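J.: Sequence unavailable; structure follows:
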């Protein structure tokens, strides 16, 4: 079982940028698609971005397209989420996750993931 640890969250102002990191343990990190999800208070967890095992394919929620960039460094067992032009509606706990199946190119649904980090809080407020 892989262990995932997010970091990089914090309190920022609207328009600011932030980069989240997800460090994974184990040797199978590079074999699986990965994703970022977020959950705001009182709301369900929602998809943010996903990346294929190689990093060559990515997908984004419409709400973050053009502002967020997902990437991964398989040599470092780490995935990133670069967030720019942050808005108050981006405020949430952000979770990284590893896909359940390695043969899936991109996974955008919560049920397609079986390993989750503990989350890192992002607050966008003036």
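T.: Arrived safely, thanks for sending. Quantities reported herein were computed from a predicted structural model and do not represent experimental measurements. Numbering: from 1, shown residues only.
J.: separation between the nearest residue to residue 110 once chain neighbours are set aside and residue 75?
T.: Nearest residue to residue 110, sequence neighbours excluded (CB to CB, 6 or more residues apart in numbering): residue 45, at 5.9 Å. In this view, the C-beta of every residue, glycine as well, is placed from N, C-alpha and C. Residue 45 sits 29 Å away from residue 75 when distances are taken as CB to CB, to the nearest Å.
J.: And those two? Which one has more around it.
T.: residue 45 (16 against 8; other CB atoms under 10 Å).
J.: That one and residue 36 touch, don't they?
T.: No. With contact taken as CB atoms under 8 Å, residue 45 and residue 36 are classed as non-touching, separated by 10.8 Å.
J.: any residues in contact with both of these two?
T.: residue 95 (CB atoms under 8 Å, 6 or more residues apart in numbering).
J.: Go ahead and flag the most central residue of the chain.
T.: When CA atoms, centre = their mean is applied to the chain, the residue found nearest the centroid is residue 36 (2.1 Å).
J.: which SSE is it in?
T.: strand 34-39 (DSSP states H and E).
J.: And for residue 2?
T.: With DSSP H and E as the criterion, residue 2 is inside neither a helix nor a strand.
J.: returning to what we had before: what's the next helix or strand after the strand holding residue 36 packed up against?
T.: Per DSSP H and E, strand 34-39 leads on to strand 46-51 as the next helix or strand towards the C-terminus. Counting contacts by 3 or more CB pairs under 8 Å, 6 or more residues apart in numbering; DSSP states H and E, strand 46-51 is packed against strand 34-39, strand 58-60, strand 68-73, strand 78-83.
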